[in-house]
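Colleague: Next one to model:
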Amino acid sequence: MPRTRSSVAILLSALAVLLGGPLATLAFGPVSVRGDWASATHRSAGLAPDPAEHRGAIVQVYAARTFGWRGAFAVHTWLAAKPAGAPAYTRYEVIGWRARLGGSGLTVHSGRAPDAEWYGAAPQLLRDLRGEQAEAVIARLDAVAAAYPFESYRAWPGPNSNTFVAFVAREIPQLRVALPPHAVGKDFLPHGRVVARTPSGTGWQASLGGLLGLAVALDEGLEVNLLGLVTGVDVAPPALKLPGVGRLPASRI
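Modeller: Reported below is the predicted structural model:
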C-alpha cells in the first residue's frame with residue numbers, strides 16, 4: 001500500500017508539472033479559444049527593420065502562440081531573411097493546414113510581413129542577425145530548407161513547424177538559436193536519430209521520437225522532455241522553464 005500511494009503521488013506530481021503551466025496559460029495567459037481563424041489578424045509587429053532603410057543582410061527567427069487552445073501548450077516558429085539590397089523579406093516556415101491538404105507544409109514566400117502576427121498572436125523575436133553573420137546563414141538557407149526531410153505534419157509530437165526551424169538551426173550552426181521550451185516538436189529528430197546537437201549548437205540532446213528526452217547546452221540550459229512537454233532551467237540568464245509557460249526569468253519567481 002505505501003508503494004502504491006508513493007507511485008500515485010509521483011504520478012500526480014508529474015501531471016501537475018506538465019499540465020499546470022498550460023492550464024494556467026489557458027486561464028490567465030495570452031491565449032483565446034473564442035477567436036475565428038478566418039478573421040484573425042496578421043498585422044506587422046514592427047520588429048523587422050524596413051528594407052528600404054536597412055540595406056544590409058538580415059535574418060530573424062520568430063515565435064508566436066499557436067491558434068486556439070493549442071496556444072496554451074505551444075508556439076509556432078519561423079525564419080525571415082533579407083539578403084543585402086533586397087526590397088523584401090522571405091519567410092521560411094512549415095504550415096500544418098497546407099500539409100493536411102495533401103501538399104508540402106514547407107512554404108518559402110514573401111507574401112506576409114516577416115514579423116506578422118500568427119493568427120492574432122503577437123510574435124517574439126528569438127534571434128536577430130545582421131551583416132556578415134546574416135549573409136553566412138542566407139548562403140545556405142534555401143538549400144537546407146529544401147533538404148528538410150519531412151512531408152508529413154503532426155502538431156504533436158512532430159514533425160511540425162518547430163521541427164523545421166530546429167532542423168535548419170542544426171544544419172546552419174551560424175544561426176545559433178535556442179528555441180523556446182514550449183516550441184513543441186523541436187526535439188523531434190530527423191532520420192530516426194536519438195542523439196543530436198541542440199538547435200543552438202552549444203550542447204547535445206537525446207530524444208526518443210520527441211516524446212522523451214534530455215538536453216544539456218550552454219544556450220538551452222538543462223531541459224527534460226516528457227511526452228513532448230519540456231521542463232528545465234537556464235543558467236545564463238537564470239530562468240525556470242515550464243510547459244506551456246516557456247521561460248520564467250528568475251527575477252519573476
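
Colleague: Let me see the contact set for Arg91.
Modeller: Trp78, Leu79, Ala80, Thr107, Val108, His109, Ser110, Arg112, Pro114 (C-beta atoms under 8 Å, 6 or more residues apart in numbering). To be clear about C-beta, it is placed using only N, CA and C from the backbone, and glycine gets the same treatment.

Colleague: go with 10 Å
Modeller: 60, 62, 78-81, 107-116 (C-beta atoms under 10 Å, 6 or more residues apart in numbering).

Colleague: what are the bridge partners for the residue lying closest to it once chain neighbours are set aside, then?
Modeller: Using C-beta to C-beta, 6 or more residues apart in numbering and skipping the chain neighbours, the partner closest in space to Arg91 is Ala80 (5.2 Å). Beta bridges link Ala80 to Gln60, Arg91, judged by DSSP bridges.

Colleague: and Ala80, what does it touch?
Modeller: Going by C-beta under 10 Å, 6+ apart, Ala80 touches 47-48, 58-62, 88-93, 110, 112-116, 123, 125.

Colleague: Now do the buried residues in stretch 135-150.
Modeller: Residues of stretch 135-150 classed as buried by neighbour count (16 or more other C-beta atoms under 10 Å): Glu135, Ala136, Val137, Ile138, Leu141, Val144, Ala145, Tyr148, Phe150.

Colleague: Kindly export it (C-alpha atoms) in CSV.
Modeller: Below are the C-alpha coordinates for stretch 135-150, written out as CSV (Å, rounded to 0.1, in the frame of the first residue of the first chain):
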residue,chain,number,x,y,z
GLU,A,135,24.9,36.5,-45.1
ALA,A,136,26.5,33.3,-43.9
VAL,A,137,23.1,31.9,-42.9
ILE,A,138,21.4,33.1,-46.1
ALA,A,139,24.1,31.5,-48.3
ARG,A,140,22.8,28.1,-47.1
LEU,A,141,19.2,28.7,-46.2
ASP,A,142,17.5,27.8,-49.4
ALA,A,143,19.4,24.5,-49.8
VAL,A,144,18.9,23.5,-46.2
ALA,A,145,15.2,24.3,-46.3
ALA,A,146,14.8,22.2,-49.5
ALA,A,147,16.5,19.3,-47.7
TYR,A,148,14.0,19.3,-44.9
PRO,A,149,13.2,15.5,-44.7
PHE,A,150,9.5,15.5,-43.6
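
Colleague: average model confidence for that stretch?
Modeller: Average pLDDT, stretch 135-150: 97.

Colleague: Okay, strands next: where are they in the stretch 101-250 of the chain?
Modeller: With DSSP state E, counting those that start in this stretch as the criterion, the stretch 101-250 of the chain has strands at 106-109, 124-130, 195-197, 203-208, 212-217, 221-226, 229-234, 239-242, 246-249.

Colleague: Note down every partner strand of the fourth one and its orientation.
Modeller: Just to be clear, that refers to strand 203-208. Here strand 203-208 is paired, per DSSP bridges, with strand 195-197 (antiparallel), strand 212-217 (antiparallel).

Colleague: Buried ones among the contacts of Arg91?
Modeller: The neighbour count (16+ other C-beta under 10 Å) marks Gln60, Tyr62, Trp78, Leu79, Ala80, Ala81, Thr107, Arg112, Ala113, Pro114, Asp115, Ala116 as buried among the contacts of Arg91.
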